[in-house]
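S.K.: requesting a structural model of the entry that follows:
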Amino acid sequence: MTAGARARDLGIVVGEFPPGPLNALTDVAGVRVGHVTLDRDGEMPVHTGVTVIVPRDEPWHHPLFAAPFRLNGNGEMTGLEWVRESGTLTSLIGITNTHSVGVVRDALVADEASRRAPGEPFFALPVVAETWDGALNDINGFHVRPEHVHEAIAAASAGPVAEGSVGGGTGMICHGFKGGIGTASRVVPDGYTVGVLVQANHGERERLTVNGVPVGRRLAEGLPPLPMPPGMRESDGSIIVIVATDAPLLPTQCARLARRAALGIGRTGGAGENGSGDLVLCFSTANDLPGGFERGGPATTTVSMLSNERIDPLFHATIEATEEAILGALLAATARTGPGGRLVPALPHDELQRILGVR
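M.R.: Coordinates of the predicted model:
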């Protein structure tokens, strides 16, 4: 099989809840995703990019309830102190490589400035997350530029989401194979949707697990060790998880879903290793909150909240969608060669199907 297939195309069904129509983060109404991919070989290969998530068309005047979770903190996601303090998300979300966080953050501020009224005073604390692509990319060449961020915003769509070696995930490695962007969704019996998008750049080959089967041990047989830069291990990677839902959740409930994404990471063999930055952000699109940082808004507002007695299906949906999104990143990715001829192979579909008995 060639790269680009999704898990269900290969007969691999993760979990019990049905996916949404696109099996993607964009199954949550109002959420859009755009990528810009910088992908070229050469003496100093460039395999990087940026992914932008638009949680709603105008999040600065209409914040969303949100909360983060840190499985292991050897990584960066900007703007989280205000998310924790206020319980709200007030920006677009950028995902890129470690050394491009600053330029992406600044470009998101500039985009917001261009959309506000001329002369309107404001300050922005946008959310930008990263994983390190230096094994495959000329990371110190600083190839991600402001114009790429603006292109990703302009390209953001509510349709199918490209996976694998695209956007911020172009140069990422997951469980000893080429990784990158993955996405999935679930619909729970109450009718609510949970969507997940990951940038997967974490894990060890021999620990990769699919549907409870330790496939990594079998896949590793006969393969040469993953060529890592000197002094680095396979586990010195990271994963970013963005969880969106249309269920009416308060910030404390968003935090509970964000924590469950870590169980999806664990089900695929991730452990939040010391060298890994495993960061999660969950937001709910259900409540249209007034204000943001602006003064003069209403003194009170009425919000909707899901009963905690009905939240368990959302927990399971988050776990399932995270697990499938990680697998999706692996299945869609194609092999890349980095500096010094460092080759990272794609996950072999036929062999995976054989091990799982789904051929």
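
S.K.: strands along the stretch 51-200 of the chain, start to end?
M.R.: Along the stretch 51-200 of the chain, the stretches classed as strands by DSSP state E, counting those that start in this stretch are 64-73, 88-89, 93-97, 127-131, 173-174, 177-178, 180-187, 193-201.

S.K.: relative to strand 64-73, how tilted is the third one?
M.R.: In terms of direction (axes from the mean of the first three to the mean of the last three CA atoms, to 10 degrees), strand 93-97 departs from strand 64-73 by 20 degrees.

S.K.: want to throw the strands of the stretch 51-200 of the chain into TSV with mean neighbour count?
M.R.: Quick note: C-beta positions are derived from backbone N, CA and C, even for glycine. Putting the strands of the stretch 51-200 of the chain into TSV (neighbours: other CB atoms under 10 Å) gives the following:
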stretch	mean neighbour count
strand 64-73	22
strand 88-89	26
strand 93-97	30
strand 127-131	28
strand 173-174	30
strand 177-178	26
strand 180-187	30
strand 193-201	32
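
S.K.: do you know which of these lies nearest V213?
M.R.: strand 177-178 (15.8 Å; CB to CB).

S.K.: can you tell me the average pLDDT over the closest one?
M.R.: If you average the pLDDT over strand 177-178, you get 97.

S.K.: strand partners (parallel or antiparallel) of that strand?
M.R.: Taking DSSP bridges as the criterion, strand 177-178 pairs within the sheet with strand 173-174 (antiparallel).

S.K.: and the strand it pairs with, how far out from the chain middle?
M.R.: Using CA atoms, centre = their mean, to the nearest Å, the mean C-alpha position of strand 173-174 is found 13 Å from that of the whole chain.

S.K.: report the separation between the residue nearest in space to the middle of the chain and N287.
M.R.: With distances taken as CA atoms, centre = their mean, the chain has V198 as the residue nearest its mean C-alpha position (2.5 Å). If you measure V198 against N287 using CB to CB, to the nearest Å, the figure is 25 Å.

S.K.: residues contacting G216?
M.R.: G216 sits next to 175-176, 204-209, 269 when contact means CB atoms under 8 Å, 6 or more residues apart in numbering.

S.K.: over to T322?
M.R.: Each residue near T322 by CB under 8 Å, 6+ apart is listed here: 184, 196, 198, 241, 243, 260-261, 263-265.

S.K.: try R70
M.R.: With the criterion set at CB under 8 Å, 6+ apart, R70 makes contact with 278-280.

S.K.: let's go with 10 Å and repeat that
M.R.: 77, 80, 258-259, 262, 272, 277-280 (CB atoms under 10 Å, 6 or more residues apart in numbering).

S.K.: among these, which lie within helices?
M.R.: With DSSP state H as the criterion, helices contain 80, 258-259, 262 from among these.

S.K.: Three-state assignment for L249, please.
M.R.: When the structure is split into helix, strand and coil by DSSP: H, G, I helix; E, B strand; the rest coil, L249 lands in coil.

S.K.: do I have it right that it meets V28?
M.R.: No. Contact criterion CB atoms under 10 Å: L249 and V28 do not qualify, at 12.0 Å.

S.K.: which of the two has more residues huddled nearby?
M.R.: Each of L249 and V28 had its neighbours counted (other CB atoms under 10 Å), and the higher figure belongs to L249 (29 against 25).

S.K.: next, the more buried one: phi, psi?
M.R.: phi -110, psi 140 (degrees, to the nearest 10).

S.K.: that older thread, show me the one of the strands of the stretch 51-200 of the chain that comes nearest P345.
M.R.: The closest of those to P345 is strand 177-178. By CB to CB, the value is 6.0 Å.

S.K.: the closest residue to P45 other than its chain neighbours: neighbouring residues, count only.
M.R.: Leaving aside its sequence neighbours, P45 sits nearest to G338 (CB to CB, 6 or more residues apart in numbering; 5.5 Å). Around G338 there are 24 other residues, counting by other CB under 10 Å.

S.K.: ok, now how distant is G338 from L223?
M.R.: Counting by CB to CB, the separation of G338 from L223 is 17 Å.

S.K.: what of G269?
M.R.: If you measure G269 against L223 using CB to CB, the figure is 16 Å.

S.K.: more neighbours, those two?
M.R.: Legend: neighbour count by other CB under 10 Å for G269 and L223, higher for G269 (21 against 13).

S.K.: what about that one, distance to E204?
M.R.: Per CB to CB, G269 is found 7 Å from E204.

S.K.: cool, and H35?
M.R.: The value you get for H35 to E204, if CB to CB is used, is 27 Å.

S.K.: got the contact list for E320?
M.R.: Residues 13-17, 19, 184-186, 194, 196, 260, 263-264, 267 are the ones in contact with E320 under the rule CB under 10 Å, 6+ apart.

S.K.: typo on my end, it should be A321
M.R.: Here A321 is in contact with 14-15, 17, 19-20, 23-25, 27, 182-186, 193-198, 241, 243-245, 260-261, 264, 328 (CB under 10 Å, 6+ apart).

S.K.: look up the pLDDT of R359 for me, please.
M.R.: Per-residue confidence at R359 stands at 77 (pLDDT).

S.K.: cool, and G292?
M.R.: Reading off the per-residue confidence, G292 sits at a pLDDT of 63.

S.K.: how about T301?
M.R.: pLDDT, T301: 89.

S.K.: for the one 5 residues further on, same thing?
M.R.: The per-residue pLDDT reported for L306 equals 98.

S.K.: please apply the same query to P230.
M.R.: The per-residue pLDDT reported for P230 equals 85.
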